Each structure stands twice: as structure tokens, then as C-alpha cells.
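J.: Here is my input; please provide its structure:
(one chain, ligands or ions: 1)
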Amino acid sequence: MRIDVVTIFPDYLKVLDLSLVGRAADRGTLDLHVHDLRDHAHDRHRTVDDTPLGGGAGMVMKPDVWGEALDDVLAVDAPAERRQVLIIPTPSGEVFTQRTAEDLAGADSLVLACGRYEGIDTRVPEHYASRGIEVRELSIGDYVLNGGEAAAVVMIEAIARLLPGVLGNPESLVEESHGAAGLLEYPVYTRPTRWRDLEVDPVLLSGDHARIARTRRDQAIARTVSRRPDMIANLDAAHLDREDRAMLATMGWAVPVGAGRPVPVRIRAATDSDAEALADLAARTFPDACEHVIAPEFIAKHVTTNLVPGLFRTWAADDRVDLVVAELLAPLPSSQASSGTEPIGASAGPDLVGYAAVLREEPDAAGELPRGIDPRPACVQSRHGQVVGELSKVYIDSSMRGSGLTPALMSTVMQQAAGHGVNLFWLGTHVTNKRAQKAYKRAGFRQAGTRTYNVGGQDAHDVVMIRRTGEGL
Ligand code: SAM
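T.: Numbers count the residues shown, from 1 in each chain. Coordinates of the predicted model:
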């Protein structure tokens, strides 16, 4: 690639002789030429600027001087298949990103025109564009420098390292920040493994490449969520696997069904004022768990007698119940709204799209267990000192299936319950509901037996699953 830089400070570009770019120039991968703009100023003082027409502060660089300089370096009659780009660094340009660098790395030659003072007369880019030259006015960020030289150095370095043969190990380009993954890079470490009392994650020393890759991917997601939420909002959902989605959901971003990008959600403890929205959500999600095996009238009866606002109000007030909800923080595009009678967000309440509850098996002063707790099946036996909790509910709106919210809700509610002493969790789920059983297995549950469960007057056959704390919580 040939690069020409026109500037009033040619020495400024000498930094490019150092390091990788300098070596690329030595090897011939890069053919770098720096030109002094003043060679094209013909008065005694070699003047390159004049006062702004219309008045105002500062000086503007003269179009006639720039015209002569650029006519000299631009190959105006270059064959069409050679791509030549005139780059004018300016804070008012489009922002130069890794995508821009990748695009420009495909050009045959670049000419960079470094402005000073208030910049270059605007007719200069207009003129060359009208002559069929590809002109790019580019900014390296939302701040103002004194001149275009530093911006030119930044752009040349970013572009040159993408040229074949410039980086010793081209693998280093693959997982970098702003690469194809759309994430920032994971944190990096080297020896010594312990430095000033700081240790590295032992996974990195395990030699288990799959685990290392997963850990790094999770760290990259976590770092991007906290530092660059704008990048998370632009992630392409097609490139997110199940574990990515679960990680994102625990950090407040979920990918709705059919959506191309994650949307912000919050997983939080439920309060009294969620009761109505929770009853709505429960009514539209309960049938998902058993609609193929239980007649609709039994389901309807179960919903209207059990899953009522009063239940959720009681739970929110009962410290033996850990009840968490997932709330959408921005309305879904209408195509992804739930199939319920009311679109999400139509009511004044919170936009709840998932909930999970753990009921601790502990009598209150009156000897009563929490409302709605199921009798513990015989196959769930607690040893002395164990505190048993029923993972009573994990329900997700159909618009959020596969979004990562299910594992995120489960781990949040179980961690909360574990904090309140529960160390043996159990749950019942319909024998035919394989999707739920798989999700519970991924969350560390294993089958302990079966039970018969009454739904609105009809018996349902459930698989009973258990998990103890210490088993991965
Ligand atoms: N008056 C201009 C404006 O407000 O947009 C600023 C001119 S600046 C002081 C002088 C020169 O520095 C510009 O012509 C450009 O070459 C360079 N420059 C300053 N900030 C830059 C940035 N963020 N990106 C690229 N070039 C920049």
C-alpha cells in the first residue's frame, strides 16, 4: 500500500519510522511518503493560511496551496481498479472506527491531508470529490486536536497493522476489542501468576482450552456491559450462543425471540406493587408448562384460584419467600410483544417478562408454611440441619424464550434463597416438559423421583428434581 501524507510539519510523522509500521515500510509492505505543504506556497513567507471569509477567529488553510500539493500527489488518472482514497482528518468528519480501518486497509493508496488552524478551505474536499476521487473526512474522536498529524498517525497505525505481513502473529487480530465479535477484549495476564498479592483466575492455568475460552468470553461480555453498553445494544444476536445469552441476562441484557439485538432488562426482588403484573404474567405463562397434557378448563381453574394478585402480595411480604422478577426496561418492538391479550407495556405497571420463586419450608409463629408451598415429595429427604426450599416457579414470557433469562432468574433466586439459609432445593415439573427438565439440569438439578400433582382438579405427573448448595451455587 502506498501512503502519502501532506503536512506543514513533516518531522511529526517520523514516529511512523519506529515500531511495526516502520518495519513494514522497510520490508516494502508499506510505501510511505511525507510531503511538506509549504513547498507549494510561493510567497516570501511560504504562507499557507489566510483569514476566514465572513470573519471569525483563527486562520483557514488556503485552497490554492492545498490544490497544488494534492494535484502533485494524487494520481488523478489512476486506473479505475486501483482504489485511491483522499483522507482529510477533521473533528467534524465521520468517526474513524475499526470498520473504517478494515475498509481502508483494502485500498491501494491513501493520501492524508493534515490541516492546522481552523482547518482546510471546504472547497478542497468538494473539488476532489467532483473529480471522481474518493474523499473521506474522518474524525478520530469527539475532541479537538491542534492539527491533523496526530490523527493521521493514529489512522495509519490502525490501518497498517491490518495489512498482511505487518503483525508477526495475525492471530492477535482475531479476538481483539472492536473485532467481529462486537465485544471488548477479555482482560489479559502474564507471569508471574501471583504479583503483589494479586492472583490470576486458576482456570487460565488449567490447560482446559474450552473452559478458558468460555471464561474469557464471559469476561469480555462483562467488561463490555460495564464499559460500553452501546456496543451491547448493537450485538448481533445471531452470534450469541446459549451461554452468552445467560451471561448477558444476568448482567441486564436479554435477547427476545426473533430480535436481532439484546434489550435492557432488570432482574430484581418483587414488591407488593408487582402483584397485578405478576398475576397477568402467571396467567399467560402457566399454560406453557402443561397445555399439551392438561385440559384447558383445569388450567383456567388453577390460574384463577391460585395465581391471583393476592398470592403474589402475600409472597412479597413473606420473608420465607424469595420472589424475583425480570422487568423489561424498554418496550419490545410490536412484532416481539407477547401473545397475551394485552401487549406488554400497555398497562401502567412494570413490564414483567419472567419470575421465579423459592418457598422456604419453615413454619411461622402460627405453625403455617408459606402460602402455596407444595407438600414435599417422599423422594426429597432432608438430612439434619438442612433447610429445604421449593423452587416453586420459574416462568418466562414466550417472547423471551431462549433469551438467557431463565438461567439468570434461576441463579438469582437460588442465590438469594441460599443467602437466607436454603441448602436443599427441590422442584416438580411435568414429565413431558423436557425443555424445562433440560434447563433445570443445566442449572445443576438432578432427578430424585416423581410425584402426582393436582392442577385445578386433574392429576398431573411430575418429575421431581433436587439440588443441594455447594453443587455449583
Ligand atoms: N475548527 C475546526 C472544527 O471546529 O471542526 C477544528 C480545527 S483543528 C483546531 C485543526 C486540525 O486538527 C483539523 O483541521 C484537523 O486536521 C485536526 N483535528 C483536530 N481534531 C481532530 C479530530 N478529532 N480528528 C481528526 N482530526 C482532527
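
J.: When you work out contacts or count neighbours from here on, use the C-alpha atoms and nothing else.
T.: Will do.

J.: For the stretch 51-200 of the chain, which residues are neighbours of the ligand?
T.: 89-92, 114-119, 139-148, 151 (Cα under 6 Å from any ligand atom).

J.: What ranges does the stretch 151-300 of the chain have for its strands?
T.: Here the stretch 151-300 of the chain has its strands, by DSSP state E, counting those that start in this stretch, at 194-195, 198-199, 253-254, 263-269.

J.: Just give me how far the third one sits from the chain centre.
T.: The gap between where strand 253-254 is centred and where its chain is centred comes out at 8 Å by Cα atoms, centre = their mean, to the nearest Å.

J.: Could you do the last one as well?
T.: Centre-to-centre, strand 263-269 and its host chain are 15 Å apart (Cα atoms, centre = their mean).

J.: What strands line up against that strand, and which way round?
T.: Strand 263-269 pairs in its sheet with strand 253-254 (antiparallel), strand 321-328 (antiparallel), by DSSP bridges.

J.: which residues are in contact with the longest one?
T.: If I follow you right, that is strand 321-328. Taking Cα atoms under 8 Å, 6 or more residues apart in numbering as the criterion, the residues outside strand 321-328 that touch it are 263-270, 315-316, 350-360, 370, 405, 409, 412-413, 416-417.

J.: for the next helix or strand after that strand, packing partners?
T.: Toward the C-terminal end, the helix or strand that comes next after strand 321-328 (DSSP states H and E) is strand 352-360. Under the contact criterion of 3 or more Cα pairs under 8 Å, 6 or more residues apart in numbering; DSSP states H and E, strand 352-360 touches helix 275-290, strand 321-328, strand 388-396, helix 405-419.

J.: Pick the most deeply packed of the strands of the stretch 151-300 of the chain.
T.: Of all these, strand 253-254 has the most neighbours on average by mean count of other Cα atoms under 10 Å, namely a mean of 29.

J.: what residues does that one touch?
T.: Around strand 253-254, the neighbours that count as contacts under Cα under 8 Å, 6+ apart are 232, 245, 248, 262-266, 400, 403-405.

J.: Could you identify the most distant pair in these?
T.: Within these, 232 and 400 form the most distant pair, 17.4 Å apart (Cα to Cα).

J.: Let's have the contacts of strand 253-254 in CSV, adding pLDDT and distance to the ligand.
T.: Written out in CSV, the entries for the contacts of strand 253-254 read as follows (pLDDT from 0 to 100; distance: Cα to the nearest ligand atom, whole Å):
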residue, pLDDT, distance to the ligand
232, 97, 25
245, 96, 36
248, 97, 33
262, 96, 30
263, 96, 31
264, 97, 31
265, 97, 34
266, 96, 36
400, 95, 41
403, 93, 39
404, 93, 39
405, 96, 40
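
J.: nearest to residue 389, of these?
T.: The closest of these to residue 389 turns out to be residue 405 (Cα to Cα; 21.1 Å).

J.: For burial, what's the neighbour tally of the closest residue to the closest one other than its chain neighbours?
T.: In this structure, residue 405 finds its nearest non-sequential neighbour in residue 249, 5.4 Å apart by Cα to Cα, 6 or more residues apart in numbering. Counted with other Cα atoms under 10 Å, residues neighbouring residue 249 total 26.

J.: Verify the contact between residue 249 and residue 400 for me.
T.: No: Residue 249 sits out of contact with residue 400 when judged by Cα atoms under 8 Å, with a separation of 10.7 Å.

J.: Contacts for the helix or strand of the chain with the lowest mean pLDDT, please.
T.: Of all the helices and strands that make up the chain, the one with the lowest confidence by mean pLDDT, DSSP states H and E is helix 19-27; it has a mean of 81. Helix 19-27 is contacted by residues 16-17, 30-32, 157, 160-161, 165-167 when judged by Cα under 8 Å, 6+ apart.

J.: Apply 6 Å and report the result again.
T.: Defining contact as Cα atoms under 6 Å, 6 or more residues apart in numbering, one finds that helix 19-27 is touched by 16, 30-31, 166.

J.: before we move on, the earlier item: just the buried members of the contacts of strand 321-328?
T.: Neighbour counting by 16 or more other Cα atoms under 10 Å classes 263-267, 269-270, 315-316, 350-360, 370, 405, 409, 412-413, 416-417 among the contacts of strand 321-328 as buried.

J.: isn't the residue nearest to residue 405 right next to residue 406, touching?
T.: No: between residue 249 and residue 406 there is no contact, the gap being 8.6 Å when judged by Cα atoms under 6 Å.

J.: Now list whatever residues contact both of those two.
T.: Common contact partners of residue 249 and residue 406 (Cα under 6 Å, 6+ apart): none.

J.: wait, which of the helices and strands packed on strand 352-360 is closest to residue 183?
T.: The closest of these to residue 183 is helix 405-419. By Cα to Cα, the value is 20.3 Å.

J.: between the closest one and strand 388-396, how big is the angle?
T.: Going by axes from the mean of the first three to the mean of the last three Cα atoms, to 10 degrees, helix 405-419 is angled at 160 degrees with respect to strand 388-396.

J.: For the following helix or strand past helix 405-419, buried residues please.
T.: As assigned by DSSP H and E, the chain's next helix or strand after helix 405-419 is strand 424-430. By 16+ other Cα under 10 Å, the buried positions in strand 424-430 come out as 424-430.

J.: returning to that earlier point: please indicate which of the residues of the stretch 51-200 of the chain next to the ligand are buried?
T.: 89-91, 114-119, 139-141, 147-148, 151.

J.: these two touch, right, residue 431 and residue 463?
T.: Yes: here residue 431 reaches residue 463: they are 5.2 Å apart, a contact under Cα under 6 Å.

J.: outside of the longest helix belonging to the chain, which residues touch it?
T.: If you go by DSSP state H, the chain has its longest helix at helix 209-227. Residues from elsewhere that reach helix 209-227, judged by Cα under 6 Å, 6+ apart: 183-186, 204.

J.: Out of those residues, which sit inside helices?
T.: Per DSSP H, the contacts of helix 209-227 never map to helices.

J.: just curious, which of these is nearest to the ligand?
T.: For those, the closest approach to the ligand (Cα to the nearest ligand atom) belongs to residue 184, at 22.0 Å.

J.: number of nearby residues for residue 53?
T.: Using other Cα under 10 Å as the criterion, residue 53 is surrounded by 9 other residues.
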